[in-house]
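1. Quick check, what structure comes out for this input:
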Amino acid sequence: MPKFLYTSFIFLFIFTLAKAQEKEIDPPYNIKTASFIQNGSNVPPIFELGSAFTFQFDDLFGNEANYYFEVLHCDYNWIPTQIPKTDYILGMDNQRITDFSNSFNTLQVYTHYRLSFPNQFTQLLKLSGNYMLRILNEDREVVFSRKFILYENHCTVGVQVKRSRNLSNIDYKQNLDFAILSNDIVFQTPLQNVKVLLLQNGNFHTEIKNIAPQYTIGNQLVYKYDKETQFWGGNEFLYFENKDIRAASNNVAKVGSNNDIYNSFLYTNAARGNQIYTNYEDVNGNFVVKNINGSNNDIEADYAWVYFSLSAPAFRMNKDIYISGMFNNYSLSPEYKMDYNNDKGVFEKAIMIKQGFTNFQYTVADKKGVVDFENAIDGNFYQTENEYTILVYYKEATDRYQRVIGKGNANSINIVN
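-> Residues are numbered from 1 along each chain as shown. Sure, this is the predicted structure:
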């Protein structure tokens with residue numbers, strides 16, 4: 001084959017592959033508080049195959065719009081598989097979300113939608129693996145989408161969080177040592193067939209993947225890398241609490257109501273990168289919707305304009321600062337980008353957030369959305385308490401898809417040298 005045609009073919013293949021990859025679509029302004037729920041709490045979207053969970057969100061238009069859902073089964077790289085839907089769905093998707101209710105006794109009107117799995121249309125998701133949940137409008141256009149993962153219990157994953165072995169970043173990074181063992185699966189060519197996904201605090205934007213086993217002991221796969229499985233430690237998440245939306249509470253300096261809804265003005269945060277590490281409890285980026293004066297938080301919790309301000313003069317650079325957390329799926333969309341106030345000398349941003357308890361962090365990224373973890377505004381500390389999740393993917397030669405055969409968890413509160 002001529003070199004020109006070969007190069008063109010490779011380029012076309014890569015372009016096609018890139019286009020085929022499913023990526024999460026950020027919701028529009030009117031869609032808020034989209035989250036996965038299990039056992040009554042917001043959780044990272046990782047569930048055991050066959051278990052029940054719920055996806056919910058609010059539409060601030062409050063007009064009981066018709067939304068539909070679609071479920072796509074994807075491979076390890078989030079490329080939709082060619083498996084027919086009837087093979088991984090017992091029932092059907094592309095149906096209208098019928099479980100919704102309007103807000104009650106709130107200044108901000110909204111419609112709250114709940115999509116449970118299983119539901120009357122989708123009785124069961126039959127295969128483990130990566131899934132993309134699409135929310136569609138009446139014209140079957142994608143409004144937004146979210147990843148979730150279903151796993152089986154066919155292996156154990158022993159995980160230990162250690163400090164970095166590299167003296168240059170020993171105070172800033174956390175390293176994962178882990179081993180995979182299965183009693184009912186004999187791994188075939190594990191270097192090619194076994195893949196892992198490493199997550200910190202359920203954040204897919206900081207995931208580590210494509211790490212091969214370092215060596216094997218019988219049917220046990222061992223990963224003891226020096227740098228390939230390292231995460232920046234970061235710092236404890238900041239938080240605010242406005243469960244009583246009319247009163248200034250934890251980290252809320254004052255409350256106003258000049259607009260149609262309440263305003264919560266937070267105390268100005270200072271960059272913590274050059275400060276010593278301070279240990280205090282957080283929920284690793286999560287949030288809790290709560291109205292202490294209501295009985296049904298789903299529809300009685302109100303929305304407030306939350307005013308963030310950050311004093312970080314050293315970060316006036318050619319990069320952007322975002323406010324992120326599980327409340328917005330760690331999004332780096334323009335809606336969450338801070339603006340610099342020259343008169344006050346601080347970065348500012350107002351975001352509409354549902355009342356309760358909310359963890360958040362300040363994230364630095366360049367114009368292309370690449371996060372600068374090394375120069376984090378709040379610094380990196382090996383002592384930071386982080387929750388880690390490891391997922392194991394496996395595909396035999398005769399399999400049509402990559403199964404997720406196990407999950408391991410670890411917390412850096414038990415970090416060792």
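2. all contacts plus neighbour counts: C-alpha atoms, from now on.
-> Fine.
3. which sections of the stretch 201-350 of the chain are below the confidence cut-off?
-> Within the stretch 201-350 of the chain, no range satisfies pLDDT under 70.
4. and with 90 instead?
-> Along the stretch 201-350 of the chain, the model assigns pLDDT under 90 to residues 218-219, 226-227, 247-250, 256-260, 273-274, 278-281, 294, 312-319.
5. any chance you could map the strands in it?
-> Along the stretch 201-350 of the chain, counting by DSSP state E, counting those that start in this stretch, strands occupy 203-209, 215-217, 220-223, 230-232, 238-241, 252-256, 262-266, 269-270, 287-289, 303-311, 320-324, 339-341, 346-354.
6. and the fourth one, how far out from the chain's middle?
-> Pointing back at strand 230-232 there. Mean-position distance between strand 230-232 and its chain equals 17 Å (C-alpha atoms, centre = their mean, to the nearest Å).
7. and if you look at the third one?
-> Taking C-alpha atoms, centre = their mean, the mean C-alpha location of strand 220-223 is offset from the chain mean by 27 Å.
8. who's in contact with that strand?
-> 177-182, 212-216 (C-alpha atoms under 8 Å, 6 or more residues apart in numbering).
9. same thing but 10 Å
-> Strand 220-223 is contacted by residues 155-159, 176-183, 186-187, 190-191, 194, 211-216, 229 when judged by C-alpha atoms under 10 Å, 6 or more residues apart in numbering.
10. just to revisit the earlier point, now the strands of the stretch 201-350 of the chain as CSV including distance to residue 105?
-> Putting the strands of the stretch 201-350 of the chain into CSV (distance: least, C-alpha to C-alpha, whole Å) gives the following:
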stretch, distance to residue 105
strand 203-209, 34
strand 215-217, 60
strand 220-223, 54
strand 230-232, 43
strand 238-241, 20
strand 252-256, 18
strand 262-266, 13
strand 269-270, 32
strand 287-289, 16
strand 303-311, 12
strand 320-324, 28
strand 339-341, 33
strand 346-354, 14
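11. now for those, which one comes closest to residue 76?
-> In terms of C-alpha to C-alpha, the element of these nearest to residue 76 is strand 203-209, at 9.3 Å.
12. could I get the strands of the stretch 201-350 of the chain as JSON lines with mean neighbour count and distance to residue 46?
-> Below are the strands of the stretch 201-350 of the chain laid out as JSON lines (neighbours: other C-alpha atoms under 10 Å; distance: least, C-alpha to C-alpha, whole Å):
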{"stretch": "strand 203-209", "mean neighbour count": "16", "distance to residue 46": "11"}
{"stretch": "strand 215-217", "mean neighbour count": "13", "distance to residue 46": "27"}
{"stretch": "strand 220-223", "mean neighbour count": "20", "distance to residue 46": "22"}
{"stretch": "strand 230-232", "mean neighbour count": "22", "distance to residue 46": "20"}
{"stretch": "strand 238-241", "mean neighbour count": "21", "distance to residue 46": "24"}
{"stretch": "strand 252-256", "mean neighbour count": "17", "distance to residue 46": "32"}
{"stretch": "strand 262-266", "mean neighbour count": "23", "distance to residue 46": "32"}
{"stretch": "strand 269-270", "mean neighbour count": "16", "distance to residue 46": "32"}
{"stretch": "strand 287-289", "mean neighbour count": "22", "distance to residue 46": "17"}
{"stretch": "strand 303-311", "mean neighbour count": "21", "distance to residue 46": "28"}
{"stretch": "strand 320-324", "mean neighbour count": "22", "distance to residue 46": "20"}
{"stretch": "strand 339-341", "mean neighbour count": "15", "distance to residue 46": "34"}
{"stretch": "strand 346-354", "mean neighbour count": "20", "distance to residue 46": "24"}
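13. and the end-to-end length of stretch 41-56?
-> 12 Å (C-alpha to C-alpha, to the nearest Å).
14. Report the contact partners of the closest residue to residue 337 other than its chain neighbours.
-> Counting by C-alpha to C-alpha, 6 or more residues apart in numbering, residue 337 lies nearest to residue 322, which is 4.4 Å off, once chain neighbours are set aside. If a contact means C-alpha under 10 Å, 6+ apart, then residue 322 has 330-339, 347, 349, 361-365, 371 as its contacts.
15. I'd like to know how far the residue nearest to residue 284 when sequence neighbours are not counted sits from residue 33.
-> Spatially, and ignoring its direct neighbours in sequence, residue 284 is nearest to residue 201 (5.9 Å; C-alpha to C-alpha, 6+ apart). Going from residue 201 to residue 33 by C-alpha to C-alpha gives 18 Å.
16. How about residue 391?
-> Counting by C-alpha to C-alpha, the gap from residue 391 to residue 33 is 26 Å.
17. distance of the residue nearest the centre of the chain from residue 131?
-> Of all residues in the chain, the one closest to the mean position by C-alpha atoms, centre = their mean is residue 203, 3.8 Å from it. Taking C-alpha to C-alpha as the measure, residue 203 falls 16 Å from residue 131.
18. And residue 237, by the same measure?
-> Taking C-alpha to C-alpha, one finds residue 237 at 28 Å from residue 131.
19. Equivalent analysis for residue 312, please.
-> Computed with C-alpha to C-alpha, the distance linking residue 312 and residue 131 is 39 Å.
20. Settle it for me: which of these two has more neighbours?
-> Between residue 312 and residue 131, counting by other C-alpha atoms under 10 Å, residue 131 is the more crowded of the two (25 against 17).
21. separation between residue 306 and residue 385?
-> Counting by C-alpha to C-alpha, the gap from residue 306 to residue 385 is 26 Å.
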